[in-house]
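I need the structure of the sequence given here:
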Amino acid sequence: MFDITGAGGGQWTLALRGTPSCHAGSGLPSECTIILSVDDFDTVLRNPSHARSLFRQGRIRVQGALSVAMHLPALLTMLSSDHIPSGIHTLFPHVSPAVFFGDYWPETLAVYHGALDRIPEINQVTGLQSIDALLSAWPGLLRLADRFGGREVDAIQAKALYASGHHLAFSDAEQVFPVLKGVLERLRWDLHLPINTFGRCPVYASPDGVGEALHFDQNANFIIQIKGEKIWQLAPNRHLTRPTDRYTTAQPIPSAELQMYGPAELPTTLPLDAQTVHMKPGSVLFLPRGYWHQTQAVGESLSLNFTFDQPTWADLLPPDTRRRVLPQSEWRALALGAGNLDATAAQRAVSTLQALVQALPEELRDIDAEQAIGRMTPTEAANVLIPRTSEQRP
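Below is the predicted model of the structure:
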């Protein structure tokens, strides 16, 4: 994360943070401040490799964490580049971002089987090379993702519980392994996600024969199989489209949120039109919001998710109005492009919201679409503009 705070007195000041949050409202301070002259800034923009020599000459001043300052050449390379690797193309090299955006995103299942080494960020993280390595690298608590429903344990307890057959969930792995944020944010950009979308990287470790009960999620997930294999059974959700909350057959009472617009009862067994996907190391699955799924590990399994919340058009409205419109499926659709840094996507979002508002009863039509979107709180990551060529944009 970076912030160029201005060119005053003939110099540039850059505030850097090596481990930005992908959650809204984190407000973390910069870890490092870099000060250099306007001429030297122009030099390193044209040739980022000169940054180190300028630092040795005392022409680049660093205040704070030097380890963060060492990322400056890579940052400037990104800023001066016309080509930033697409997150979608990294995961699904057989399709362009434009094709994925048009044919799959946000509601159509996609699967790709390929070599894991096409995703260099994963290979760079030693903590993702085995379950033991992950437990050794994990600094805080993790949770049990099975019938014990979210119980938190430390890594030492988790190792014993895993050995006895428990399924483990490591939340927000991007905070522990910051290199994962590169893929997370490239995906965010490719997908025209609303400015207030939360993104995160949970990791799941499953012993042989263990998995998750049948359920659906309110998030969109990109799942990468890292170690071992996992069997996924999947089916489109024809019982409740575009859900805004999770439902699991392990606790088969729909939440109050789902009861506002969903059926009184939901299935407890897999629909008849289910399909089976066998995930192996390097396999990637795009799991849309609401898709039915259950899993079972074949041998010890380690998988990484890139998970994005799905802010809806209804979420842009006052709470009372939101409750009134939520039963309408179109209001539960992803607020695609709302507040996005891409001006075309952002304007399209305003037009979509205006059309939805005009279809409401007259007493609710006083909602100003631009103001509603303008009140959205951006995530930290949404403040970073990633340059691209026009060919790369969906």
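
just the strands in the stretch 201-350 of the chain please.
Under the criterion DSSP state E, counting those that start in this stretch, the stretch 201-350 of the chain contains strands at 203-206, 215-216, 220-235, 247-248, 275-279, 284-287, 292-308.

now, of those strands, which is deepest in the fold?
Across the strands of the stretch 201-350 of the chain, the average number of neighbours (mean count of other CB atoms under 10 Å) peaks for strand 203-206, which reaches a mean of 26. The C-beta positions use only the backbone N, C-alpha and C, and glycine is treated the same way.

which helices and strands sit right next to that strand?
helix 131-137, strand 168-170, strand 292-308 (3 or more CB pairs under 8 Å, 6 or more residues apart in numbering; DSSP states H and E).

out of the ones you listed, nearest to Y261?
For the helices and strands packed on strand 203-206, proximity to Y261 was assessed by CB to CB; strand 292-308 is nearest, at 17.9 Å.

between that closest one and strand 275-279, how many degrees?
Per axes from the mean of the first three to the mean of the last three CA atoms, to 10 degrees, the angle that strand 292-308 makes with strand 275-279 is 50 degrees.

follow-up on the earlier one: with distance to V357 and mean pLDDT as added columns, please give the helices and strands packed on strand 203-206 in a markdown table.
Formatted as a markdown table, the helices and strands packed on strand 203-206 follow (distance: least, CB to CB, whole Å; pLDDT from 0 to 100):
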| stretch | distance to V357 | mean pLDDT |
| --- | --- | --- |
| helix 131-137 | 47 | 96 |
| strand 168-170 | 39 | 95 |
| strand 292-308 | 25 | 97 |
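
would you list these in JSON lines and tack on distance to Q259?
Listed next are the helices and strands packed on strand 203-206 as JSON lines, based on distance: least, CB to CB, whole Å:
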{"stretch": "helix 131-137", "distance to Q259": "37"}
{"stretch": "strand 168-170", "distance to Q259": "26"}
{"stretch": "strand 292-308", "distance to Q259": "19"}
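
what's the spatially closest residue to K181 that is not a sequence neighbour in contact with, if anything?
Residue nearest to K181 in three dimensions, not counting chain neighbours: E174, with 4.9 Å by CB to CB, 6 or more residues apart in numbering. E174 makes contact with 22, 180-181, 184, 200-201 under the criterion CB atoms under 8 Å, 6 or more residues apart in numbering.

Next, give phi and psi for A98.
Backbone geometry at A98, expressed as degrees, to the nearest 10, gives phi -60, psi -40.

So for T43, what's the pLDDT?
Note for T43: predicted pLDDT of 79.

quick one: contacts for L135?
L135 is in contact with 155, 158-159, 162, counting by CB under 8 Å, 6+ apart.

ok, now with 6 Å
Residues near L135 by CB atoms under 6 Å, 6 or more residues apart in numbering: 155, 159.

now it: how far from A163?
11 Å (CB to CB, to the nearest Å).

And the protein, split by domain according to the record?
The record's domain parsing of the chain by automatic domain parsing lists 2-79, 87-308, 314-375.

give me phi/psi at the residue nearest to the spatial centre of the chain?
The structure's the chain has its C-alpha centroid closest to G199; by CA atoms, centre = their mean the separation is 3.1 Å. In terms of degrees, to the nearest 10, the main-chain angles of G199 are phi -120, psi 140.
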